[in-house]
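*Asks:* This is a predicted model, with the sequence first.
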Amino acid sequence: MVQTQASAAGTLSAIIFILPGLLMIGYWQGFPFWETLLLCACGGSLGVLFTIPLRRAMVVNSDLPYPEGLAAAEILKVGSEKHDDEPANTKNKSTGMKDIVGGAALSGLFSLCSNGFHVLSSEFSYWISLGKTATTQLPLGFSMALLGAGYLIGIASGAAILVGMILAWAIFVPYLTSIFTPDQGMAAAEFASTIWAHKVRFIGAGCIGIAAIWTLICLAKPVVEGVRASLQALRTNDTDEKKALHHTDLDMSPKSIGLVFLAIIIGLAIAFFSFVNAFQLPPSVTFIYIVVGILVAVLMGFFVAAACGYMAGLIGTSASPISGIGILGIIVSSLVVFGLSTSFHVFDLPGGSQFATALAIFITSVIVSIAAISNDNLQDLKTGYVVGATPWKQQVALILGSIVGAFAIAPVLNLLYQAYGFTGALPRASMDPSQALAAPQATLMTTIAQGIFSSTLEWNYIIFGIIVGIIAIIVDQLLKHNTKSLMLPPLAVGMGIYLPPTLEIPLVIGSIIGYIVHRSLKARAAKRSPGHEEEDVESCTHRGVLFASGLIVGESIIGVIIAFIIVISVSSGGSENPLALVGKGFGNTAEILGLIAFIISIIIFVRHIFSTPFTPNDK
């Protein structure tokens, strides 16, 4: 319960992907406490409610791996004295804890040396010129946490991400850099990165959008069945049938869900009234804006909850592209607000365009809160499912975590704003613009909204992305119908186009390692344990899962510690890299050392799995 609640509170920080846009356009001069609180608390709580009918479809009756959820579950199982249907086993518990600690120590040390001491690089890119201006890169990322997540997600998702990355960096970026002209003095690498960020990522967003719609269509039947099962199980509070249900299958009751949903709608109505009423429109127009804004946030929210939950299941929460979903949210919100504002001639009023842009950002802030929480919550529900937790208790804890976390969002954002400012929005004229926080996702979404209202948004890239997504869906269906095991998850293809390649490479490498290791284990088991092959493979695989879980945990813990040290240093006027042992001139050497250390870490990981001893009936 503690892990569940804490994760929900922390996930709301994703609101920084969109909310600073209100400062960038000059509509807000800070983050109002109550409006920000209501946005985050209501959006986060909606994200929890929307995952309730998705739990059975995506967790109970699904093969989605949910790597972080599985990792947390394995750690909880090893750390407990015993769990459902398994007696306490001191030897296995000790071995399991050593696996987790070993993985955590390896990834933690790597993270400390790369992100703290800077003696190892965390990524490396080799840029290639293919013509006069055509440019691409061969990227490498050295994240041990993503390597562990890749090991857990499986080869299908890893291959689909690789396909998307190849499309982006072997086709789209080289072609677009060959037909566009870079600004005077712009380096080829910077030009290629700009093309990817401002054009190719929109292709990825379009692909993610259509793939998310397809995913929702495919999930419609299991989601409806899940809702029907929940309602049937919880129709009354004291029936013998309900008492006979296992505690691991009990969701929040429909009455509780209804009351929470009503409270959320009231909270959103207050927030939207405060926001819209400040522009002093006629009461009837204000009312329509409020109703439509809430409807868009809620309806779009369920869509993104399903999409984000599925993406989190595919590749994990850490790499799931929340900002990609945010792009879809800002497009839909902007189009709806554009239609309303045109009908009511709001653009003819002084500041009308600014108000419309701000309202679209405000609506999208709710959608992003829903997306972030649902993205994380299904990981928590996966953890609970594996360890035998009670779903309704988790769901209550998640809602409480969202509300508690929402109280901290406005103060933290205001602290960041007053300390650094955001690009295009500085609290004091004397501040150095070069030190402002870039907030690239908020900048991108604000630019999209302004592009829609000024009719300058380049729709062709989004439309092309939709076409790419449709092709990926067709290929995936053909593979499923004509082969026994091959597939190409279209959402993963879109994420491969959208995500930075240095994040994707360790995911892909991890998935390939998992595939090769599993096949090698099966071949070895056939020789060393005839008649017990499955038992042998399962024993080794389990140790691999525990070690991969440790890789995720170790990097995460060290990352938090390093961030805390940096905050203390910067707030006291110190360096932004207080732990650094070397300067920028060490960069090339750090890249070589990082690559060597990454390869050695992979060897240690694989050798650890194959070192698992086996005797029959000893798992």
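*Replies:* Good, I have the coordinates. Residues are numbered from 1 along each chain as shown.
*Asks:* Pull the number of nearby residues for Gly329.
*Replies:* Counted by other Cβ atoms under 10 Å, the residues lying close to Gly329 total 29. Quick note: C-beta positions are derived from backbone N, CA and C, even for glycine.
*Asks:* Kindly report the same for the one 10 residues further on.
*Replies:* Neighbourhood size, Gly339 [other Cβ under 10 Å]: 11.
*Asks:* ok, now Val60?
*Replies:* Val60 has 16 neighbours, counted by other Cβ under 10 Å.
*Asks:* I'd like the distance between it and Glu538.
*Replies:* Here Val60 is placed at a distance of 21 Å from Glu538 (Cβ to Cβ, to the nearest Å).
*Asks:* Kindly report the same for Ile75.
*Replies:* 19 Å.
*Asks:* These two - which one has more neighbours?
*Replies:* Neighbour tally, Ile75 and Glu538, criterion other Cβ under 10 Å: the higher count belongs to Ile75, 22 against 15.
*Asks:* Run through the residues that contact the more buried one.
*Replies:* The contact partners of Ile75, by Cβ atoms under 8 Å, 6 or more residues apart in numbering, come to Ile100, Ser549, Val553.
*Asks:* Wasn't the first one part of a helix?
*Replies:* Translated: Ile100. Yes. Looking at Ile100 with DSSP: H, G, I helix; E, B strand; the rest coil, it is inside a helix.
*Asks:* Could you check how many residues crowd around it?
*Replies:* Look at Ile100: counted by other Cβ under 10 Å, it has 24 neighbours.
*Asks:* check contacts around it.
*Replies:* Contacts of Ile100 (Cβ under 8 Å, 6+ apart): Glu74, Ile75, Val78, Leu546, Phe547, Ser549, Gly550, Val553.
*Asks:* cutoff 6 Å now
*Replies:* Residues near Ile100 by Cβ atoms under 6 Å, 6 or more residues apart in numbering: Ile75, Leu546, Ser549, Gly550.
*Asks:* Same question for the second one.
*Replies:* By Cβ under 6 Å, 6+ apart, the contact set of Ser549 is Ala71, Glu74, Ile75, Ile100.
*Asks:* Repeat that for the last one.
*Replies:* Residues counted as contacts of Val553 (Cβ under 6 Å, 6+ apart) are Ala104.
*Asks:* Okay, buried residues for the strand or helix carrying it please.
*Replies:* Using DSSP states H and E, Val553 sits in helix 533-571. Judged by neighbour count using 16 or more other Cβ atoms under 10 Å, the buried positions of helix 533-571 are 533, 535-537, 539-556, 558-559, 562, 566.
*Asks:* likewise stretch 322-336?
*Replies:* Of the residues in stretch 322-336, 322-334, 336 count as buried by neighbour count, 16+ other Cβ under 10 Å.
*Asks:* Going by distance to Ile179, which of these wins?
*Replies:* Minimum distance to Ile179 across those is 23.4 Å, recorded for Ile327 (Cβ to Cβ).
*Asks:* Give me the nearest residue to that closest one, chain neighbours excluded.
*Replies:* Leaving aside its sequence neighbours, Ile327 sits nearest to Ala205 (Cβ to Cβ, 6 or more residues apart in numbering; 4.4 Å).
*Asks:* The one you found - how many residues pack around it?
*Replies:* By other Cβ under 10 Å, 27 other residues sit near Ala205.
*Asks:* What helix or strand is it located in?
*Replies:* Assigning secondary structure by DSSP H and E places Ala205 in helix 201-233.
*Asks:* what do you get for Cys40?
*Replies:* helix 33-55.
*Asks:* Against which helices or strands is that helix packed?
*Replies:* Counting contacts by 3 or more Cβ pairs under 6 Å, 6 or more residues apart in numbering; DSSP states H and E, helix 33-55 is packed against helix 201-233, helix 254-277, helix 283-315, helix 352-387, helix 391-419.
*Asks:* Please identify the most buried of these.
*Replies:* helix 352-387 (a mean of 27; mean count of other Cβ atoms under 10 Å).
*Asks:* tell me the angle of it relative to helix 33-55?
*Replies:* 40 degrees (axes from the mean of the first three to the mean of the last three Cα atoms, to 10 degrees).
*Asks:* Which strands or helices does helix 352-387 pack on?
*Replies:* Identification of packing neighbours for helix 352-387 by 3+ Cβ pairs under 6 Å, 6+ apart yields helix 2-11, helix 21-24, helix 33-55, helix 67-79, helix 283-315, helix 322-343, helix 391-419, helix 440-453.
*Asks:* Which among the ones you listed is found nearest to Leu138?
*Replies:* Ranking the helices and strands packed on helix 352-387 by their distance to Leu138 (criterion: Cβ to Cβ) puts helix 283-315 first, at 21.4 Å.
*Asks:* where does the stretch 501-619 of the chain dip in pLDDT?
*Replies:* The stretch 501-619 of the chain contains residues with pLDDT under 70 at 614-619.
*Asks:* change it to 50
*Replies:* 618-619 (pLDDT under 50).
*Asks:* picking that back up, distance check, the residue nearest to Ile327 against Val332.
*Replies:* For Ala205 relative to Val332 (Cβ to Cβ), the value is 12 Å.
*Asks:* ok, now Ile155?
*Replies:* Plainly put, Ile155 is 34 Å away from Val332 if you go by Cβ to Cβ.
*Asks:* Checking Gln137 next. Helix, strand or coil?
*Replies:* Of the three states, Gln137 takes strand according to three-state DSSP.
*Asks:* excluding its backbone neighbours, what's nearest Ile361?
*Replies:* Computed as Cβ to Cβ, 6+ apart, the closest residue to Ile361 that is not its neighbour in sequence is Gly21, at 4.5 Å.
*Asks:* err, Val545, not the other one
*Replies:* Spatially, and ignoring its direct neighbours in sequence, Val545 is nearest to Glu74 (6.0 Å; Cβ to Cβ, 6+ apart).
*Asks:* so the helix holding Val553 versus helix 67-79, what angle?
*Replies:* Following the same axes, to 10 degrees, one obtains 100 degrees for the angle between helix 533-571 and helix 67-79.
*Asks:* what angle separates helix 533-571 from helix 391-419?
*Replies:* Using the same axes, to 10 degrees, helix 533-571 lies at 30 degrees relative to helix 391-419.
*Asks:* between the helices and strands packed on helix 352-387, which gets nearest to Ile217?
*Replies:* Evaluated with Cβ to Cβ, the helices and strands packed on helix 352-387 place helix 283-315 nearest to Ile217, the distance being 10.1 Å.
*Asks:* Quick check: the residue nearest to Ile361 touching Ile448?
*Replies:* No. Using Cβ atoms under 6 Å, Gly21 is not in contact with Ile448, being 9.7 Å away.
*Asks:* ok, back up a step: which residues touch the residue nearest to Ile361?
*Replies:* If you count contacts by Cβ under 6 Å, 6+ apart, then Gly21 has Ile361, Ala442, Met445, Thr446 around it.
*Asks:* could you check the distance from it over to Asn277?
*Replies:* Going from Gly21 to Asn277 by Cβ to Cβ gives 20 Å.
*Asks:* In the helix or strand hosting Arg524, which residues are buried?
*Replies:* If you go by DSSP H and E, Arg524 is part of helix 501-528. The neighbour-count criterion (16+ other Cβ under 10 Å) identifies 501-515, 517-518, 521, 524-525 as the buried residues of helix 501-528.
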